[in-house]
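**Student:** Return atomic coordinates for the entry below.
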Amino acid sequence: MKNTFGNSVSITLFGESHGDAIGVVLDGIAPGITIDGDFIAHQLFLRRPQGRISTARQEQDSFQIVSGVFNKITTGAPICILLPNKDIKSADYEDVRFLPRPGHADLTAHIKYHGYEDYRGGGHFSGRLTAPLVAAGAIVISALRKKGIAIGTHIKNCAGIQDHAFSDLKNEITLLNESPFPVICEEAGEKMKTAIEAAALEKDSVGGVLETAVIGLPAGVGEPWFDSLESVLSHGLFSIPAIKGVEFGAGFGFAEMRGSEANDPIVWANDGVRTTTNHNGGVNGGISNGMPVIFRCAVKPTPSIAKPQQTVNTGTKEDATLEIRGRHDPAILHRARVVVDSITALVLCDQLALRYGTDWLGGDII
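**Tutor:** Numbers count the residues shown, from 1 in each chain. Alright, predicted model coming up:
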């Protein structure tokens, strides 16, 4: 089982949904980065459940940094962050141990790990493990901001309800990063919440689309072919549970365009070369071009639903019907956006370290 991602700067996840603790090791991070505990707590808060549109599981997500930080500043050594699991109800999973949940990793985990996997709450495959990703991401998001690079995500579509498009990126990113339900249009957000609550009442769930913008990323980041900026970002994004599609810029919309429409005209501007449109989402030839990096992630409906579902009994090798008990999200879009921001920041941190050196994000030499 491999759980490490990244080259110059890497992360390793560990733990299970109902284990004693979950955590992450952030390795290769530059020395001299100030650790803001309040900001880490804020980012974890954005991931936490919210009332009737989320699971009833209420983890406080207290965290402990056990290495790599001295006097609230990174030392350059690996950073290990631990988050205890407190609000667990493992008994909810005993009756369905041999009934894999449709849409989950239960069946594939059972096959790959020969029945030795931790089945409680999805074990190591659970979305619970996105919490340490967010904690690690908070460290690099702070460092990127000091370099003028900002990341923000909004719910572009939920249950068929559309949010407004990005129009004022700098201000909108600031507002989104403070909002527990990240939308540009408040009216659309209220309609989305109503749709999520309606799905929950029907013992069902909904999905949607998250749209992310990165501003301030310098041109020249990324590689052609196999380590293109789109490739490595997609690699990280597809590691987030429930992400089933990623597109950059116009994405699949390119299929309906002519070249004269799809190409972004290039002009001189006061701050250097720019394009008058951004259909390519800030990336050409796998390398950032200095324009905002724009991409969207398709998020499938939460697979844990209370409706009866067809499955099999892996113990008796017979068909079976599953009715899931326990505490589950009728939608995860509002919680997943900070995970998308975190993964994006971690990937960019790695790519920038490869481009400019491992100390580029760190503090001044003393």
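**Student:** What are the boundaries of the strands in the stretch 51-200 of the chain?
**Tutor:** For the stretch 51-200 of the chain, applying DSSP state E, counting those that start in this stretch gives strands covering 64-67, 69-70, 73-74, 79-84, 150-158, 161-162.
**Student:** Go through the protein and flag its longest helix.
**Tutor:** Taking DSSP state H as the criterion, the chain has its longest helix at helix 333-356.
**Student:** secondary structure class for residue 310?
**Tutor:** The assignment at residue 310 comes out as strand when based on DSSP: H, G, I helix; E, B strand; the rest coil.
**Student:** Around it, how many other residues sit close by?
**Tutor:** Look at residue 310: counted by other C-beta atoms under 10 Å, it has 9 neighbours. For the C-beta atoms, the positions are set from N, CA and C on the backbone; glycine is no exception.
**Student:** Quick check: pLDDT value at residue 177.
**Tutor:** The model reports residue 177 with a pLDDT of 98.
**Student:** so it sits right up against residue 152, yeah?
**Tutor:** Yes: the criterion here is C-beta atoms under 8 Å, and residue 177 meets it with residue 152 at 5.7 Å.
**Student:** where do the contact lists of those two overlap?
**Tutor:** Counting by C-beta atoms under 8 Å, 6 or more residues apart in numbering, the shared contacts of residue 177 and residue 152 are residue 341.
**Student:** So if I had to pick from these two, which one is more boxed in?
**Tutor:** Shown here are residue 177 and residue 152; by other C-beta under 10 Å, residue 152 has more neighbours (25 against 20).
**Student:** Identify the residue nearest that one in space, chain neighbours excluded?
**Tutor:** With sequence-adjacent residues excluded and distances taken as C-beta to C-beta, 6 or more residues apart in numbering, residue 152 is closest to residue 173, at 3.1 Å.
**Student:** Count the residues that sit near the one you found.
**Tutor:** Residues near residue 173, counting by other C-beta under 10 Å, number 22.
**Student:** mind listing what it touches?
**Tutor:** Contacts for residue 173 (C-beta under 8 Å, 6+ apart) come out as 150, 151, 152, 213, 215.
**Student:** What subset of those residues is buried?
**Tutor:** Among these, those scoring as buried are 150, 151, 152, 213, 215 (criterion: 16 or more other C-beta atoms under 10 Å).
**Student:** Check the spacing between the second one and residue 4 real quick.
**Tutor:** This means residue 151. From residue 151 across to residue 4, the span is 22 Å (C-beta to C-beta, to the nearest Å).
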